[in-house]
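Chemist: Would you be able to build a 3D model of this:
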Amino acid sequence: MAKYMDVHHSMKGITEEKLREAHNADLAIEKDEQVHFEMAWADPESGRVYCLSEAPSAEAVQRIHERAGHKADEIHPVPLTVQ
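Modeler: Numbering: from 1, shown residues only. Predicted coordinates:
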């Protein structure tokens, strides 16, 4: 499975509660597409939300986000990571 970082641009003013609700909506159905959403970050001022996931494809990530009601504007593969 590959890792993906997706970006949502239109969530200006998002609160921690709303971010958690959106993330939980993804988690509730992620197994349907063999996706696992690991973490989400948000910048309420810019409206950007970032989600890190592990999935078989970017299309699978998008299908879950669409079904959960918040389609991603960008999805990027993350081929290399360091800690």
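
Chemist: Trp41 falls within a helix, correct?
Modeler: No - per DSSP: H, G, I helix; E, B strand; the rest coil, Trp41 lies outside any helix segment and is strand.

Chemist: Pull the number of nearby residues for it.
Modeler: 11 (other C-beta atoms under 10 Å). To be clear about C-beta, it is placed using only N, CA and C from the backbone, and glycine gets the same treatment.

Chemist: Next up, phi/psi of the closest residue to it other than its chain neighbours, please.
Modeler: Counting by C-beta to C-beta, 6 or more residues apart in numbering, Trp41 lies nearest to Tyr50, which is 4.6 Å off, once chain neighbours are set aside. The phi/psi pair for Tyr50 (degrees, to the nearest 10) reads phi -120, psi 140.

Chemist: Show me what Tyr50 bridges to in the sheet.
Modeler: Val7, Trp41 (DSSP bridges).

Chemist: so what's it scoring on pLDDT?
Modeler: pLDDT, Tyr50: 98.

Chemist: Verify the stated contact: it with Tyr4.
Modeler: No - taking contacts as C-beta atoms under 8 Å, Tyr50 lies outside contact range of Tyr4: 10.7 Å.

Chemist: which one of these two has more residues nearby?
Modeler: Tyr4 (22 against 16).

Chemist: what about that one, which SS state?
Modeler: Tyr4 - assigned by three-state DSSP - is strand.

Chemist: One more: Lys71?
Modeler: coil.

Chemist: For the closest residue to it other than its chain neighbours, list the residues it contacts.
Modeler: In this structure, Lys71 finds its nearest non-sequential neighbour in His65, 5.5 Å apart by C-beta to C-beta, 6+ apart. His65 makes contact with Asp6, His8, Asp26, Cys51, Lys71, Ala72, according to C-beta atoms under 8 Å, 6 or more residues apart in numbering.

Chemist: Look up the residues forming beta bridges with the closest residue to Ser57 other than its chain neighbours.
Modeler: Nearest non-adjacent residue to Ser57, counting by C-beta to C-beta, 6+ apart: Ala2, 7.7 Å away. Beta-bridge pairing of Ala2 under DSSP bridges involves Ala55.

Chemist: For Ala2, give its distance to Glu33.
Modeler: 13 Å (C-beta to C-beta, to the nearest Å).

Chemist: That'll do, ta.
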